[in-house]
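Engineer: Requesting a structural model of the entry that follows:
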Amino acid sequence: MPATMINALKNSLKLAILGVSILLATAVQAEARSCSDMTNDLRAMQKAQTALLESMVRKNESMASTLDQYAQTFNSKKTVRKADVVGMKKSAVAFRNHQEREQKLVQRFSDKTDELISQVEQCLKSKTIAAQ
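Structural biologist: Here you go, the predicted model:
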């Protein structure tokens, strides 16, 4: 399951990068738009991207909590092997560890996106000044 979530995160990142690329391509041809409009669009896209990525991170906690509940419920049943309950608890810990790694990745991605937006903002401002 964690490999599936990693792939989903990678696909989301690719989508976000594609979105930034499209916005940048539009920026080159959109002389009539102001730099502040372009920057606002990029910031709005960043907020949406962050919300999407954070949602994916929260799913790890949801899965871990579900496994904890199952382990607690099955722990009292005589028909479930102790090893299976221990396996559920270990899986819950693994999901939480995965969540922590994803949170760090999302933060790094957000920081790099901020950096890119700032660079684009400076570039657009210099192009606008040069055009005048």
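Engineer: how about low-confidence regions in the protein?
Structural biologist: 1-35, 127-132 (pLDDT under 70).
Engineer: would you list every one of the helices in it?
Structural biologist: 2-29, 35-75, 82-131 (DSSP state H).
Engineer: Please convert those helices to a markdown table, extending it with mean neighbour count.
Structural biologist: All C-beta atoms are positioned from the backbone trio N, CA, C, and that covers glycine. Compiled in a markdown table, those are given as follows (neighbours: other C-beta atoms under 10 Å):
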| stretch | mean neighbour count |
| --- | --- |
| helix 2-29 | 13 |
| helix 35-75 | 15 |
| helix 82-131 | 14 |
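Engineer: Residue 38 is in contact with residue 124, correct?
Structural biologist: Yes - between residue 124 and residue 38 there is a contact at 5.8 Å, judged by C-beta atoms under 8 Å.
Engineer: What sits closest to residue 110 if chain neighbours are left out?
Structural biologist: Once flanking residues are discounted, residue 110 sits nearest to residue 50: 5.8 Å by C-beta to C-beta, 6 or more residues apart in numbering.
Engineer: Report the separation between residue 50 and residue 96.
Structural biologist: 21 Å (C-beta to C-beta, to the nearest Å).
Engineer: before we move on, what about residue 103?
Structural biologist: Counting by C-beta to C-beta, the gap from residue 103 to residue 96 is 11 Å.
Engineer: surely residue 50 meets residue 106?
Structural biologist: Yes - the pair residue 50 / residue 106 is scored as a contact, 7.3 Å apart, by C-beta under 8 Å.
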